[in-house]
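S.K.: model this:
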Amino acid sequence: MSTIDIIIVTPSKHVFEGTCLDVYVPSSKGQTGLLTEHAHLVSQLGAGVITIHQTEGDKKMALRGGFFEVSDNKVMILADQAAFATDIDVDRLKAQREELETQLLSPDVSVQQREELFATRDWLQAQAELI
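M.R.: As a prediction, the model looks like this:
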């Protein structure tokens, strides 16, 4: 059975390294499925949940921003942020989401600030989907 090597890193840490049967990555255009022998690809990450299918079970984590590359049955993910479900504080996440919604409703928020808030909302949503 063919496998794919996968490495996930953020600016602050090496998050995951292993082999998998296939992987579903949150790209900026939506969920992208990567199977063995996938064509070479470089793409931008979006905020969402990555699903790594391994023979011993699935691994999932939330990712936010960055890039990924697929080449020769290897997937290299350079994410701005990554979190396993065990890394997420549910109460803190809920408070952050409430605060963010309040900020989005404020008429004093500039267009640039609103775009940053929407990106943060997508990251918080990815974490909520994971848990």
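
S.K.: mind listing what Gly33 touches?
M.R.: Asp22, Val23, Tyr24 (CB atoms under 8 Å, 6 or more residues apart in numbering). To be clear about C-beta, it is placed using only N, CA and C from the backbone, and glycine gets the same treatment.

S.K.: any idea where the strands of the protein begin and end?
M.R.: Along the chain, the segments classed as strands by DSSP state E run 4-9, 14-20, 22-27, 30-34, 41-44, 48-54, 57-71, 74-83.

S.K.: what's the burial count for the residue nearest to Gln44 when sequence neighbours are not counted?
M.R.: Distances taken as CB to CB, 6 or more residues apart in numbering place Ser28 nearest to Gln44, at 4.1 Å, with adjacent residues excluded. Other residues near Ser28 number 13, with proximity taken as other CB atoms under 10 Å.

S.K.: surely Ser28 touches Gly46?
M.R.: Yes: in this structure Ser28 lies within contact range of Gly46 using CB atoms under 8 Å: 4.4 Å.

S.K.: so what's the residue nearest to the spatial centre of the chain bridging to?
M.R.: Central residue of the chain (CA atoms, centre = their mean): Leu63, 1.8 Å from the mean position. Beta-bridge pairing for Leu63 (DSSP bridges): Gly48, Ala82.

S.K.: got the confidence number for it?
M.R.: At Leu63 the predicted local confidence, pLDDT, stands at 97.

S.K.: with the one 3 residues further on instead?
M.R.: Model confidence at Gly66, expressed as pLDDT, equals 97.

S.K.: neighbours of the closest residue to it other than its chain neighbours, how many?
M.R.: Excluding the flanking residues, the one nearest Gly66 by CB to CB, 6+ apart is Ala79, at 4.1 Å. Residue neighbour count, defined by other CB under 10 Å, stands at 24 for Ala79.

S.K.: got it, and the one 3 residues further on?
M.R.: Residue crowding around Ala82 was assessed by other CB under 10 Å; the count is 22.
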